[in-house]
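[1] What follows is a predicted structure for the sequence shown.
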Amino acid sequence: MSNTMLRKHGRSFCLLTGLLGGLLLAVLWPNTPLHAVATDRSESFLMATGYLDDQVEGVYLLDCLTGELRGAAISKQNGRFHAFFGGNVATDLGVDQSKNPHYMMVTGLADIVHSGGRNVAPSRGIIYIAEVTSGKVGAYGILWSPTAHQTGAPYNTTFRLLNTFSMRGNGKN
């Protein structure tokens, strides 16, 4: 009888110890937020999401037929698009649209230092666009206004081409 009780209490003790150990580990483990982005494409459009700051995400669309890059962010005040971004990748990268360009687009994170106005700063998100036919790659940023986002005020700006490189050769354009 005592062996049966020992086994029964031994299992309970192990289960309880494991649960307490797991809870203690969860409390002490550093909190690392996950950042996920999404991308999709159709025959002539690319779409991606990426962060503008720690709490705001933007959506970016590239028209592969024209090279037009557009983006937007939703206001937390009313759930409507209020911030809009625009630019032309074909012009920036010197892509000849008559040569049937093929684009790729992804987003990433960067903390770029900004010296300037208090109301705008570089967004945390970077949009990387490659044109495969020419081998040119561009990194785009946005001057983001957290103040406009907090108030839901309309905000329009252009994408800023930060830098380019060539995916072929020595990497320089």
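    Looks like it came in fine. Computed from a prediction, not measured in an experiment: that's the story for all the values here. Numbering: from 1, shown residues only.

[2] check contacts around the spatially most central residue of the chain.
    The centroid of the chain falls nearest to residue 50 when counting by C-alpha atoms, centre = their mean (2.3 Å). If you count contacts by C-beta atoms under 8 Å, 6 or more residues apart in numbering, residue 50 has them with 37, 57-58, 60, 107-109, 125-127. Just so you know, the C-beta spots here come from the backbone N, C-alpha and C atoms, and that holds for glycine as well.

[3] Any chance of TSV for these, columns distance to residue 138, pLDDT and secondary structure?
    Below are the contacts of residue 50 laid out as TSV (distance: C-beta to C-beta, whole Å; pLDDT from 0 to 100; DSSP: H, G, I helix; E, B strand; the rest coil):
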residue	distance to residue 138	pLDDT	secondary structure
37	18	70	coil
57	21	91	strand
58	17	93	strand
60	13	96	strand
107	13	93	strand
108	13	91	strand
109	17	87	strand
125	14	89	strand
126	10	93	strand
127	9	95	strand
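
[4] are any of those buried, and which?
    57-58, 60, 107, 125-127 (16 or more other C-beta atoms under 10 Å).

[5] Quick one: residues in contact with stretch 104-116.
    With contacts defined as C-beta under 8 Å, 6+ apart, stretch 104-116 is touched by 35, 37, 39, 46, 48-51, 60, 62, 120-122, 124-130, 132, 141, 162.
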